[in-house]
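Enquirer: Predicted model and sequence below, questions to follow.
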Amino acid sequence: MSSHDHFSLQATEYARFRPTYPTLLYEWLCDQSAQRGVAWDCGCGSGQATVGLAEWFAEVIGTDLSASQIAQAPVIPNVRWKVCRAEESGLASQSVDLITVAQALHWFDLTVFWQEVRRILKPGGLVAVWSYGRFQIADREVQSICDHFYDEVVGEFWPKERKIVEAGYDALTFPFDELSPHPMEIVAAWSLGELLGYFSTWSATVCCAQTKGSSPIPDLAEKLRQSWREGERRVRWPISIRVGRV
């Protein structure tokens, strides 16, 4: 990734509580890819998308700026992990069939990164970048508490790049021959503990705790317990994706 690093401090929680992506996404990317040789998952974190790609491609390279994130990544025979900036990958020219960036593009220097994409992709290769927006939970009262936490409790601590995610990458310059994937979403059934764990991975939550000297999670947990009671809730995130060829 670029010089931004908002996730090293919570790398363990990130690996445990960040959502993974639907099989449909990887199936669609494979259908569009001319070959299934090498995929580069850039800004991979602890491998949420890398692991999925490994089931479809012969070799996958997962890179991230954060050594702490890479240290949390699983050992997989056909995956190679590397700590590096997105804009300076060190990968060989025209060596990759697919480049993916999941929930990380907004941290990059795009002018330089797009040059790196063109250098590394094979002719006709595919680049896919996606993000997921604010989640929706199947409980109106719980949703209201979560929205208040997002907007009011940690709202001032979101990095400015978060606005790019909320806009769904629509405003980003994407200088490739663009494809049109069908709508996709992430769906999970989560306990209250899993939802709170997810909140703890947010950059705004960490920044809030550092600034105020205490985590906002315990107060949130108390409010949610009164509404949650027991069981799991269905959680959904809309996926915004842009895909193109060189």
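Expert: Received the coordinates, thanks. Numbering: from 1, shown residues only.

Enquirer: Contacts only, for the residue nearest the centre of the chain.
Expert: Within the chain, one residue has its C-alpha closest to the average C-alpha position: by CA atoms, centre = their mean, that is Gln103, at 2.9 Å. Contacts were defined as CB atoms under 8 Å, 6 or more residues apart in numbering; by that measure Gln103 touches Gly43, Gly45, Gln48, Trp130, Ser131, Tyr132, Val165. Every C-beta, even on glycine, is put in place using the N, C-alpha and C of the backbone.

Enquirer: can you give me the helices in the chain?
Expert: 11-17, 23-32, 50-54, 67-71, 110-120, 140-148, 162-166, 192-200, 203-212, 217-228 (DSSP state H).

Enquirer: what comes up buried for stretch 60-71?
Expert: For stretch 60-71, the neighbour count (16 or more other CB atoms under 10 Å) marks Val60, Ile61, Gly62, Thr63, Asp64, Leu65, Ser66, Ser68, Gln69, Ile70 as buried.

Enquirer: okay if I get those residues as a markdown table plus distance to Leu24 and pLDDT?
Expert: Rendered in a markdown table, the data for these read as follows (distance: CB to CB, whole Å; pLDDT from 0 to 100):
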| residue | distance to Leu24 | pLDDT |
| --- | --- | --- |
| Val60 | 18 | 99 |
| Ile61 | 23 | 99 |
| Gly62 | 21 | 99 |
| Thr63 | 25 | 98 |
| Asp64 | 25 | 97 |
| Leu65 | 29 | 95 |
| Ser66 | 28 | 93 |
| Ser68 | 31 | 91 |
| Gln69 | 26 | 90 |
| Ile70 | 27 | 95 |
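
Enquirer: tell me the two of the residues you listed that are most distant?
Expert: Set against one another by CB to CB, those have their most distant pair in Val60 and Ser68, with a gap of 20.3 Å.

Enquirer: What's the separation between the residue nearest to the centre of the chain and Val187?
Expert: Between Gln103 and Val187 the distance is 16 Å, computed by CB to CB, to the nearest Å.

Enquirer: Alright, that wraps it up for me.
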